[in-house]
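Colleague: give the three-dimensional model of this entry:
(2 chains, ligands or ions: 1)
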Amino acid sequence: MSFRNAPLAVIHDVDKDTLFTPEIRAEIDRHVAKYPPEWKQSAVMPALTLVQDHNGGWLSRELMDQVAAYLDMPEVSVYEVATFYGMYDLEPVGRHKVCVCNSISCMLGGSEELMQHIEHKYNVAPGETTADGKFTFKEFECLGACRHAPAVMVDKTYHECVTPESFDKLIKKLD
Amino acid sequence: MVKDQNTVCFRTMHLKEKVRHTLDSYLSVGGYGQWKRVLNERPDPATLIEELKLSALRGRGGAGFPTGLKWSFMPRSAPGQKYIVCNSDEGEPGTCKDRDILRWNPHQLIEGMAIAGYCIGATVGYNYIRGEFYEPIARFDEALGEAYAAGLLGRDLLGSGVDFDLYTHLGAGAYICGEETALLESIEGKKGQPRFKPPFPAQAGLYGQPTTINNTESLASVPVILEKGGQWFLDQGRPNNGGPKLFSVTGHVNAPNNFEVPLGTPFWELLEMAGGVKDGKALKAVIPGGSSVPVVPGNIMMNTDMDYDSIAKAGSMLGSGAVIVIAEGTCMVRVLANLAHFYAHESCGQCTPCREGTGWLSRVLHRILHGHGRPSDLDLLDNVAGRIGGRTICALGDAAAMPVQSFLQHYRHEFEHLIEHGRPMEQAA
Ligand SMILES: Cc1cc2nc3c(=O)[nH]c(=O)nc-3n(C[C@H](O)[C@H](O)[C@H](O)COP(=O)(O)O)c2cc1C
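Modeller: Residues are numbered from 1 along each chain as shown, chains lettered A, B, ... in the order given. Now for the predicted structure:
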């Protein structure tokens, strides 16, 4: 079965020292070191996350190709990962990401009303970015913060028991 | 009030919030005592596994499989690398307990994983934490740093010749990666699509090597079981349902929270701890074990105890211990439509019945909810759900099907009413 085999290393014709920044390379290397040497690709998820964070929150095709080159992976394997997981964005996003949990406990706690408020007040549908580019609005599946429903993740921070009023305050504070 | 709260995974909960998660705090409650004992005495792993079997600790991730038995499947003395993997992907709607273990008691999880590694012959462990958990990830990494610095992780620990390295692996937003073989795929740097079994992970798991996967809460329970004994843990709960368990009580309650209480605690007591049903309303229904398990009408729940076997008798499952409380006045069509949307979104797309079926269920429920349902839709839902369950590689298919069947069984009249009149029987959320 295929999963028993170590992945095929694809050596790309690039000088790895020209990829990303030295800081990002060091961070990726820190992850690579966690896994067996022939399994560099285990670091693909943290690598994509890092690169995305340094690119204003989204991944371009060039960046995915660079991650493939850096980790000796076929490009297509990186695209597969980048398109599968919900935290990667493959198109430009707003300055902030606002992810509203709309799973069961949050729904019972008022997340649908919160989402409607956001749609009307900021004129933005789930998956869209506000006209001023301030934030991209996402409907998220369970954030695992069910006891403080509804939960909203703004960039890397959880906000809990969010009401339309407290949401507006949150948005006001963002640049 | 329930006695014996916070005795295992939450045993640091009484400490000051600012320092609760630190190594010093954990040492102050006797932490790492068992790991040090293992390193000093090098007991036969089989005796430790026997203690776990006696404790009747059942997997806290959802399936309730006995942890001691699972560990005994590992070919511990066979040559080659073996792995212990912790499942901190916590994504089952309603479940928010592992996050609090990671935030408030990360060292106990580290100790549990180290002991697990010793028992199954693994010198390397990974803790797979969902990517959204920025704060818990930081806490866990901080704890790892402290444990390495204190010589509790690494090589030749305390001069024992025992090695154990532990790493964090970050997810990136996919519920399916909570399924243990999808999780392994994800660590291998791939899409999280479950593997066909057999081979089971104990034979061929991570990187094709023997691997044990356990939930955060299961692993974090281990140090206390070894400290106080398997019999003590068993006595905390009920026969075949050892120990206390974390319950995330959420939804329509006044004081939603996580509670660590003995298995077998009556549901009504747990509900009371969570402040009762919100705004003094009557209890309508409970989803007692995370969004994937069948819904149980409130009157049945009020006479049910919170342990694996009692909830099974009530027609549902204890699952991950996420107790979702639904008050009178809630439209059950809306609730089910929300659940169906979740599974349609999270299906990994590998198996046709799940990929197509979950989307179908979601679309039909959506049209019923919005007043465009057809009289034949209920049979259609039943039919589609019946064709997903049991026909997929992993249990996500069953998880999507079971709620549909149970909602139709108990609340069929609400669906019929909506189809007939185009508006719900119950208006409130
Ligand atoms: C779709 C799906 C999602 C799951 N999500 C989780 C999860 O988030 N956390 C977890 O511990 N187990 C989850 N499980 C269960 C795991 O597959 C596995 O049974 C568990 O991690 C084993 O650990 P335990 O025996 O200690 O419970 C999930 C299973 C399925 C089918």
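
Colleague: every contact and neighbour count from this point should use C-alpha atoms.
Modeller: OK.

Colleague: so where's the chain shaky on pLDDT?
Modeller: I'll assume chain A. Applying pLDDT under 70 to chain A flags residues A:1-5.

Colleague: think we crossed wires, I meant chain B
Modeller: In chain B, residues with pLDDT under 70: B:1, B:427-429.

Colleague: how is it carved up into domains?
Modeller: B:17-236, B:244-327, B:332-421 (the TED database).

Colleague: will you turn those into CSV that also has mean neighbour count and distance to the ligand?
Modeller: Shown next, in CSV, are those (neighbours: other C-alpha atoms under 10 Å in any protein chain shown; distance: least, C-alpha to the nearest ligand atom, whole Å):
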stretch, mean neighbour count, distance to the ligand
domain B:17-236, 21, 3
domain B:244-327, 22, 8
domain B:332-421, 20, 4
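
Colleague: export the ones you listed to CSV and append columns for distance to chain A.
Modeller: Listed next are these as CSV, based on distance: least, C-alpha to the nearest C-alpha, whole Å:
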stretch, distance to chain A
domain B:17-236, 4
domain B:244-327, 5
domain B:332-421, 6
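
Colleague: surely A:Gln85 meets B:Tyr175?
Modeller: Careful, residue A:85 is Tyr; it's not Gln. No: using C-alpha atoms under 8 Å, A:Tyr85 is not in contact with B:Tyr175, being 9.4 Å away.

Colleague: could you pull out the strands in the chain for me?
Modeller: In the absence of a named chain, chain A is used. Ranges of strands within chain A are A:96-101, A:135-140, A:152-154, A:157-159, based on DSSP state E.

Colleague: chain B is the one I meant
Modeller: B:83-88, B:124-129, B:165-170, B:211-215, B:244-251, B:257-262, B:265-266, B:283-287, B:296-297, B:305-306, B:322-327.

Colleague: got the angle for the last one vs strand B:257-262?
Modeller: Yep, that's strand B:322-327 we're talking about. Counting by axes from the mean of the first three to the mean of the last three C-alpha atoms, to 10 degrees, strand B:322-327 lies at 120 degrees to strand B:257-262.

Colleague: pairing partners for strand B:322-327, with directions?
Modeller: strand B:244-251 (parallel), strand B:283-287 (antiparallel) (DSSP bridges).

Colleague: neighbouring contacts of that strand?
Modeller: Applying C-alpha atoms under 8 Å, 6 or more residues apart in numbering or on different chains, the external contacts of strand B:322-327 come out as A:105, A:108, B:93-96, B:247-253, B:277-278, B:281-291.

Colleague: kindly report the same for the fifth one.
Modeller: Applying C-alpha under 8 Å, 6+ apart, the set of residues contacting strand B:244-251 from outside is A:104-106, A:108-109, A:146-147, A:149, B:7-8, B:60, B:94-97, B:233, B:236-237, B:256-263, B:271, B:274, B:321-326.

Colleague: swap in 7 Å and give it another go.
Modeller: With C-alpha atoms under 7 Å, 6 or more residues apart in numbering or on different chains as the test, strand B:244-251 has contacts from A:105, A:108-109, A:146-147, B:94-97, B:236-237, B:256-263, B:274, B:321-326.

Colleague: what does the fourth one give?
Modeller: By C-alpha under 7 Å, 6+ apart, the residues outside strand B:211-215 that reach it are B:59-61, B:71, B:82-88, B:180, B:201-202, B:204-205.

Colleague: tell me, how many residues neighbour A:Asp53?
Modeller: The local packing of A:Asp53 (other C-alpha atoms under 10 Å in any protein chain shown) involves 14 other residues.

Colleague: would you check how far apart it and the ligand are?
Modeller: Taken as C-alpha to the nearest ligand atom, to the nearest Å, the spacing of A:Asp53 relative to the ligand amounts to 25 Å.

Colleague: how about A:Gly144?
Modeller: 9 Å.

Colleague: identify the residues contacting that residue.
Modeller: A:Gly144 neighbours (C-alpha under 7 Å, 6+ apart): B:Glu90, B:Gly91, B:Pro93, B:Thr95, B:Cys96.

Colleague: centroid residue for the chain?
Modeller: Defaulting to chain A. A:Met87 (2.9 Å; C-alpha atoms, centre = their mean).

Colleague: not quite, go with chain B.
Modeller: Geometric middle of chain B (C-alpha atoms, centre = their mean) lands on B:Gly61, at 2.9 Å.

Colleague: correct me if wrong: it contacts B:Ser320.
Modeller: Yes: here B:Gly61 lies in contact with B:Ser320, judged by C-alpha atoms under 7 Å, at a distance of 5.3 Å.

Colleague: still on that earlier bit, for the residue nearest to the centre of chain B, give me its contacts.
Modeller: B:Gly61 neighbours (C-alpha under 7 Å, 6+ apart): B:Asn215, B:Ser320.

Colleague: circling back to that earlier point, what is the nearest of the contacts of strand B:211-215 to B:Gly161?
Modeller: B:Lys82 (16.9 Å; C-alpha to C-alpha).

Colleague: what separation do you get for the closest residue to that closest one other than its chain neighbours and A:Ile24?
Modeller: Excluding its sequence neighbours, the residue lying closest to B:Lys82 (C-alpha to C-alpha, 6 or more residues apart in numbering or on different chains) is B:Ala122, at 4.6 Å. B:Ala122 is 31 Å from A:Ile24, where distance means C-alpha to C-alpha, to the nearest Å.

Colleague: could you dump the domains of chain B to a markdown table with distance to A:Tyr122?
Modeller: Shown next, in a markdown table, are the domains of chain B (distance: least, C-alpha to C-alpha, whole Å):
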| stretch | distance to A:Tyr122 |
| --- | --- |
| domain B:17-236 | 24 |
| domain B:244-327 | 27 |
| domain B:332-421 | 24 |
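
Colleague: which of the ones you listed sits closest to A:Thr163?
Modeller: domain B:244-327 (15.5 Å).

Colleague: care to break chain A down by domain?
Modeller: According to the TED database, the ranges for chain A are A:16-84, A:96-173.

Colleague: looking at those, which is buried most?
Modeller: domain A:96-173 (a mean of 20; mean count of other C-alpha atoms under 10 Å in any protein chain shown).

Colleague: and it, how far from the chain's centre?
Modeller: Relative to its parent chain, domain A:96-173 has a centroid offset of 16 Å by C-alpha atoms, centre = their mean, to the nearest Å.

Colleague: with that, I have no additional questions.
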